[in-house]
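Enquirer: what follows is a predicted protein model with its sequence.
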Amino acid sequence: MVASRDGSEWPGDRWYGRPMTRPIASDTRVDRTGLEEFIRPRHHAILSTQRSDGSPQMSPVTMGVDPDGLMLVASYPERAKVRNVRRRGHAALCVLSDGFNGQWVQVSGPASVVDLPEAIEGLVTYFRSISGEHPDWDEYRQAMIEQGKVLIRVVPEQWGPISQGGFPARLDVS
């Protein structure tokens with residue numbers, strides 16, 4: 001245990017003062033197949049769209065990936081992200097790992113909003129890509145209709161490397 005300034009104790013070494021294993025930042029470039037392999041099991045993202053004044057509007061979302069590699073987000077037609085996608089036809093997602101210090105990737109491309117009733121099978125695909133099979137698909141479809149859901153589809157056109165935060169390699173003291 002290490003004593004802090006207020007006299008309380010906390011486990012572990014300090015990030016300063018003595019050597020310890022430090023995570024080193026990394027960037028891994030991937031092709032489209034590598035991108036899809038990375039994003040398919042991840043379902044947390046920050047969706048970024050542009051407001052009418054050009055400033056960013058960001059929303060934490062749950063996302064899935066369809067069999068063709070399109071990124072899917074369910075929403076409501078009244079939401080700012082939906083209005084912005086309709087107006088600009090473009091979006092970006094920062095796809096996150098479950099753990100805060102996990103890997104992430106930024107993806108952007110053309111985006112569209114699909115309204116009901118055309119959205120219903122895409123919403124099924126969205127659910128299936130995140131949670132697997134539903135016990136009653138008719139019930140799910142009816143719930144999506146009653147809630148008035150829409151589906152945002154983003155075509156991955158550009159993406160950065162898969163990144164991992166940490167210290168720069170020049171500070172590696174492990």
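Expert: Perfect, thanks for sending it.
Enquirer: disregarding residues adjacent in the polypeptide, which is nearest to Asp66?
Expert: Thr125 (5.0 Å; Cβ to Cβ, 6 or more residues apart in numbering). Just so you know, the C-beta spots here come from the backbone N, C-alpha and C atoms, and that holds for glycine as well.
Enquirer: please apply the same query to Ser108.
Expert: Distances taken as Cβ to Cβ, 6+ apart put Ala92 closest to Ser108, at 3.7 Å, once the chain neighbours are dropped.
Enquirer: tell me the pLDDT at the residue nearest the centre of the chain?
Expert: Centroid check for the chain by Cα atoms, centre = their mean gives Ala45 as the closest residue, at 1.8 Å. Model confidence at Ala45, given as pLDDT, is 98.
Enquirer: what sits against it?
Expert: Going by Cβ atoms under 8 Å, 6 or more residues apart in numbering, Ala45 touches 60-63, 71, 73, 93-96.
Enquirer: what strand or helix carries it?
Expert: Per DSSP states H and E: Ala45 is located in strand 44-50.
Enquirer: next, the buried residues of that strand.
Expert: By 16 or more other Cβ atoms under 10 Å, the buried positions in strand 44-50 come out as 45-50.
Enquirer: which residues of this protein score low on pLDDT?
Expert: 1-21, 171-174 (pLDDT under 70).
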